[in-house]
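Undergrad: Here is a sequence with its predicted model. Questions after.
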Amino acid sequence: MVKKAKNLVAIDFFCGGGGMTCGLRQAGINVLAGVDLDASCRDTYEYNNGGSSFIHANIKTLPLDFFEKKFNVKPNDDNLIFVGCSPCQYYSIINTSKQKSVASKDLLMDFKRFVQYYNPGYVLVENVPGIITNKNSVLPEFLNFLHNNNYKYGEYKVIDMSYYGVPQSRKRFSLMFSRHDSLCMLPKPDKKRAVLSGCIGIKNGFPHIPAGFHDPSEFNHTVAKLSPICLKRLDKTPHNGGSRQSWKDDEELQLKCFIGKDKSFRDTFGRMWWNRPAPTITTKFYSISNGRFAHPEENRAISIREGATIQTFPKNYVFKTKSIITAARIIGNAVPPEYARRLGTLIVKNQGG
């Protein structure tokens, strides 16, 4: 059991199923609560993070003094950590609904209201790289706010999480600032990238399974069904990185939407490589038609547990839902716990923990 760091406490805004909370707790930080609008995350969050409360609330309407009243959180606490990993549809290159996109645009500024009220010792933010490049981004306003409120120590940049122990090509914006910790900086990258062979496969505890396999245990090595024609497509897709190019001239297997578009959506129906990081684990990783999510060798998409493991969730982390779609959404939206653990470990170390 990890020893708790002295006096360090955190609140995880937009917590989802608890990826960030899990990692901070692994580092020894006491996470008081996670806040999220998605009630379907509650059971997963609380089951795996005992002692951390799930607050089902809209941050736009949550009273500023809520944490003060419910958890006795005091403003101006140097040992207080606020985490704001807001949904990022507006700044993402992945297609999403316009309504969801616009609704996510200003969530960072809603988080700012709580930072301004409590003035925590540390502020952590994770988001998509587009929050830097989008011309309508609220990031410059948020950075000015931090500067004007004496958050003078820290760093922000876009990182590739495959250099931080996460075996996928997941580029994310990461920010960590402090009012008082002069050593506050983002973790340093590893020299080598984490790759797929280090986390899934038989040697890592994942037995061979067919498409459509249902695992009733909490391990949840469950995988989506495939139609007979899709099984034929995978059967003709070479192992370890093969793509749909191998059957593009087969009249039975080729999809009409891909005729003449060999250079478009090249990862769709593709297999992962053992010796490379996986592609970014999205909320649709259970579907081979939504990216390079086919197993390197087996004729199926990766399972729910394999996706979670690529996201660095512990193998005993239980996703409390019977729905593949809901489980994949919780996993794909999460901050990888290993990266969160590295952030938390730096804070603990700087505090003398």
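TA: Perfect, I can see it now. Numbering: from 1, shown residues only.
Undergrad: measure the residue of the chain positioned farthest from its centre to Ala294 for me?
TA: No residue in the chain has its C-alpha farther from the mean C-alpha position than Glu251, which lies at 38.6 Å (C-alpha atoms, centre = their mean). Counting by C-beta to C-beta, to the nearest Å, the separation of Glu251 from Ala294 is 22 Å. For the C-beta atoms, the positions are set from N, CA and C on the backbone; glycine is no exception.
Undergrad: still on that earlier bit, which pLDDT value goes with the residue farthest from the centre of the chain?
TA: With respect to pLDDT, Glu251 has a value of 90.
Undergrad: Could you do the one 10 residues further on as well?
TA: pLDDT, the model's per-residue confidence, is 75 for Lys261.
Undergrad: name the element it belongs to?
TA: Remark: Lys261 resides in no helix or strand, with elements defined by DSSP states H and E.
Undergrad: How many residues are close by it?
TA: Other residues near Lys261 come to 11 when the count uses other C-beta atoms under 10 Å.
Undergrad: Ramachandran angles for Tyr122?
TA: phi -130, psi 150 (degrees, to the nearest 10).
Undergrad: so what's it closest to, chain neighbours aside?
TA: In space, not counting the residues next to it along the chain, Tyr122 is nearest to Ile81; the distance is 4.3 Å by C-beta to C-beta, 6 or more residues apart in numbering.
Undergrad: chain center to the helix or strand harbouring the one you found, what's the gap?
TA: Under the criterion DSSP H and E, the helix or strand holding Ile81 is strand 80-84. Going by C-alpha atoms, centre = their mean, to the nearest Å, the spacing between the C-alpha centre of strand 80-84 and its chain's C-alpha centre is 17 Å.
Undergrad: buried set for it?
TA: Buried residues in strand 80-84, defined by neighbour count with 16 or more other C-beta atoms under 10 Å: 80-84.
Undergrad: Over to stretch 149-158?
TA: For stretch 149-158, the neighbour count (16+ other C-beta under 10 Å) marks 151, 153-154, 156 as buried.
Undergrad: what do you get for stretch 37-50?
TA: 37-38, 40-42, 44-49.
Undergrad: which regions of this structure sit below the pLDDT cut-off?
TA: Residue ranges of the chain with pLDDT under 70: 1-6, 88-105, 353.
Undergrad: Now with 90, please.
TA: Low-confidence segments of the chain, defined by pLDDT under 90: 1-6, 87-106, 133-136, 247, 249, 254-267, 351-353.
Undergrad: and the longest helix for it?
TA: With secondary structure taken from DSSP state H, the chain has its longest helix at helix 337-350.
Undergrad: out of the buried residues of stretch 37-50, which are inside helices?
TA: With DSSP H as the criterion, helices contain 42, 44-48 from among the buried residues of stretch 37-50.
Undergrad: quick revisit: just give me the closest of the buried residues of stretch 149-158 to Thr133.
TA: Here the nearest of the buried residues of stretch 149-158 to Thr133, counting by C-beta to C-beta, is Tyr156; it sits at 13.5 Å.
Undergrad: so where does that closest one fall, helix or strand?
TA: Per DSSP H and E, the secondary structure element for Tyr156 is strand 153-160.
Undergrad: partners of that strand, with directions?
TA: If you go by DSSP bridges, strand 153-160 pairs up with strand 171-178 (antiparallel).
Undergrad: And the partner strand, what's buried?
TA: By neighbour count, and taking 16+ other C-beta under 10 Å as the criterion, the buried residues in strand 171-178 are 172-178.
Undergrad: okay, whichever helix or strand comes after that strand in CSV with CA atoms only?
TA: Reading on from strand 171-178 to the C-terminus, the next helix or strand found by DSSP H and E is helix 228-235. This file holds the C-alpha atoms of helix 228-235, laid out as CSV (Å, rounded to 0.1, in the frame of the first residue of the first chain):
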residue,chain,number,x,y,z
PRO,A,228,-18.5,-12.7,-41.3
ILE,A,229,-17.2,-10.3,-44.0
CYS,A,230,-15.1,-8.4,-41.4
LEU,A,231,-13.6,-11.6,-40.2
LYS,A,232,-12.6,-12.4,-43.8
ARG,A,233,-11.0,-9.0,-44.0
LEU,A,234,-9.0,-9.5,-40.9
ASP,A,235,-8.0,-12.9,-42.1
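Undergrad: If we go by neighbour counts, what in helix 228-235 is buried?
TA: If you call a residue buried by 16+ other C-beta under 10 Å, then helix 228-235 has these buried ones: 230, 232-234.
Undergrad: And for stretch 267-285?
TA: Neighbour-count burial for stretch 267-285 flags 267-274, 276-285 (criterion: 16+ other C-beta under 10 Å).
Undergrad: Among those, which lie within strands?
TA: Secondary structure of these is defined by DSSP state E; no position falls in strands.
Undergrad: Of the buried residues of strand 80-84, which is the nearest to Ile11?
TA: Using C-beta to C-beta, Phe82 comes nearest to Ile11 of the buried residues of strand 80-84, at 5.8 Å.
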